[in-house]
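Engineer: For reference, the sequence and a predicted model appear below.
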Amino acid sequence: MKKNVAVIGAGSWGSALGIVLADNGHDVRLVGRREEQMEELNQYHTNKSYLPGIDFPTSIKGYTDLGEALQDIDAIVLVVPSKAMRETVKSLLPHLTQAVPLIHASKGIEPTTHMRVSEVISEEVGTTGRISSITVLSGPSHAEEVALRQPTTVTVASADESAANEAQYLFMNQKFRVYTNPDLIGVEIGGALKNIIALVCGVTNGLGYGDNTKAAIMTRGLAEIARLGVQMGAQPLTFSGLSGLGDLIVTCTSVHSRNWRAGRMLGEGKSMEEVLEQMGMVVEGIRTTQAAYELASVNDIDMPITTALYSVLFEQVNPHQATIELMGRVKKNEVESLFNL
Ligand SMILES: NC(=O)C1=CN([C@@H]2O[C@H](COP(=O)(O)OP(=O)(O)OC[C@H]3O[C@@H](n4cnc5c(N)ncnc54)[C@H](O)[C@@H]3O)[C@@H](O)[C@H]2O)C=CC1
Ligand SMILES: O=C(CO)COP(=O)(O)O
């Protein structure tokens, strides 16, 4: 059945998910902040700043006015950077006249509160009764390739099983295969923390290291993601799935990844400020490194790779020095160290 879906966040990922929904026959209202960007979408059916070379289906309409976009809506897809999540949820609630399902596709953990994205949304929704369910969509899925309809697989997870099934129905098609997973915590943690590991893989490439180092960082990175995730209530198996290993592979090995590219520039000697200025798009892993570092300290979880990146990003440690310290730690048993045994 055709649905009215508001996709809030007209960057790369919101735009690509809008294309998937439009391909499935839904009416898509893509909400952006910049008037001229939405005019370009409505007039020329392009979004050159975020997905150059892509012709958008004409059934996608651009909006800047949230109230207009949310009229008679059947579902909301929220795809803003995680740091904008609270403000965005606050601003959309007054426009809803009935409870609607919300699916988010953002990857991050909030520093200081250490909340996952669904927890931030849930806290802001509170007792308003305006959101009927919260689901996350996550997995190995670069926007650039989804927009080209290249075969892609993702996972949807929710505390409400029927909401996850509904999200699977909304998004699934021949090129975009959607699985369900009941482990909301594991899916959100895997998606957020792989960005830290992708940044580090980029740094090692920037330092001139090759595939051995990358494989080491990815493998031991997944071990520390799982270690923290299990402590937070995730199911260990989720980390070998699409939102864990799958997303780790795609982000650590692709030139599309903003986190990997930012890391490479850091490894080449650029400062964080220079990197962010040059990227012009969100690099979620920087904020998530802070949150994961704090979480690891509070819960006494060993996260050496995250700690090394934290020292480079926030304590001005040189990446060469951080590598020496990482390699020189005390001897360990590979398997026992997986879960702090
Ligand atoms: N690009 C990708 O391939 C994928 C991205 N994601 C996640 O999706 C989320 C969004 O990322 P992208 O679309 O790639 O980012 P982007 O950098 O391409 O676009 C971000 C969008 O959010 C808007 N925005 C920025 N600050 C805002 C604020 N304070 N309030 C409201 N809107 C704001 C920008 O105007 C822009 O339209 C991130 O959490 C990212 O990790 C997840 C899977 C794939
Ligand atoms: O999450 C992503 C792919 O699944 C995109 O990663 P980047 O934000 O590093 O580009």
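Structural biologist: Okay, I see it. Since this is a predicted model, take the numbers as computed values, not measurements. Ligands and ions are numbered 1, 2, ... in the order given.
Engineer: Give me the secondary structure label for T127.
Structural biologist: Classification of T127 using DSSP: H, G, I helix; E, B strand; the rest coil returns coil.
Engineer: and it, how many neighbours?
Structural biologist: By other Cβ atoms under 10 Å, 5 other residues sit near T127. Where you see a C-beta, it was placed from the backbone N, CA and C, and this is true even at glycine.
Engineer: Repeat that for Q316.
Structural biologist: Residues contacting Q316 under the criterion other Cβ under 10 Å number 9.
Engineer: next one: L222
Structural biologist: A count of nearby residues for L222, using other Cβ under 10 Å, gives 22.
Engineer: That one: what's it in contact with?
Structural biologist: Applying Cβ atoms under 8 Å, 6 or more residues apart in numbering, we find L222 in contact with I197, F239, G244, L245, L248.
Engineer: Please name the residues that touch the residue nearest in space to the middle of the chain.
Structural biologist: Among the residues of the chain, K107 comes closest to the average C-alpha position under Cα atoms, centre = their mean, at 2.5 Å. By Cβ under 8 Å, 6+ apart, the residues touching K107 are S82, V117, S138, E188, G191, A192, K194, N195, E284, T288.
Engineer: I'd like those residues laid out as a markdown table, including secondary structure, pLDDT and neighbour count.
Structural biologist: Formatted as a markdown table, the contacts of K107 follow (DSSP: H, G, I helix; E, B strand; the rest coil; pLDDT from 0 to 100; neighbours: other Cβ atoms under 10 Å):
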| residue | secondary structure | pLDDT | neighbour count |
| --- | --- | --- | --- |
| S82 | helix | 97 | 22 |
| V117 | helix | 98 | 24 |
| S138 | strand | 99 | 28 |
| E188 | helix | 98 | 28 |
| G191 | helix | 98 | 32 |
| A192 | helix | 98 | 28 |
| K194 | helix | 98 | 33 |
| N195 | helix | 98 | 31 |
| E284 | helix | 98 | 23 |
| T288 | helix | 98 | 26 |
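Engineer: For the stretch 101-250 of the chain, which segments count as strands?
Structural biologist: If DSSP state E, counting those that start in this stretch is used as the criterion, the strands of the stretch 101-250 of the chain fall at 131-138, 152-158, 176-180.
Engineer: Make CSV out of those and add distance to ligand 2.
Structural biologist: Shown next, in CSV, are the strands of the stretch 101-250 of the chain (distance: least, Cβ to the nearest ligand atom, whole Å):
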stretch, distance to ligand 2
strand 131-138, 8
strand 152-158, 8
strand 176-180, 13
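Engineer: Among these, which comes closest to ligand 1?
Structural biologist: strand 131-138 (7.1 Å; Cβ to the nearest ligand atom).
Engineer: Flag every residue of the protein that's near ligand 2.
Structural biologist: Contact residues, the chain versus ligand 2 (Cβ under 6 Å from any ligand atom): 107, 140-142, 195, 198, 247, 250-251, 256-259, 284.
Engineer: From those residues, list the buried ones, please.
Structural biologist: 107, 140-142, 195, 198, 247, 250-251, 257-259, 284 (16 or more other Cβ atoms under 10 Å).
Engineer: rewinding a little: also within reach of ligand 1: list those from the contacts of K107.
Structural biologist: Residues of those in contact with ligand 1 (Cβ under 6 Å from any ligand atom): S82, E284.
Engineer: Tabulate the contacts of K107 (TSV), appending distance to K332.
Structural biologist: TSV is the format used below for the contacts of K107 (distance: Cβ to Cβ, whole Å):
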residue	distance to K332
S82	32
V117	32
S138	30
E188	28
G191	27
A192	25
K194	22
N195	25
E284	29
T288	25
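Engineer: so which of the contacts of K107 comes closest to E336?
Structural biologist: K194 (23.7 Å; Cβ to Cβ).
Engineer: And for the closest one, nearest residue in space, chain neighbours not counted?
Structural biologist: Leaving aside its chain neighbours, K194 sits nearest to L248 (4.4 Å; criterion: Cβ to Cβ, 6 or more residues apart in numbering).
Engineer: Then F176?
Structural biologist: V20 is the one closest to F176 (Cβ to Cβ, 6+ apart), at 5.0 Å.
Engineer: and the gap between the one you found and Q174?
Structural biologist: 11 Å (Cβ to Cβ, to the nearest Å).
Engineer: how close does the residue of the chain found nearest ligand 1 get to G18?
Structural biologist: The minimum distance from the chain to ligand 1, using Cβ to the nearest ligand atom, falls at G11 (1.8 Å). To G18, G11 is 11 Å away according to Cβ to Cβ.
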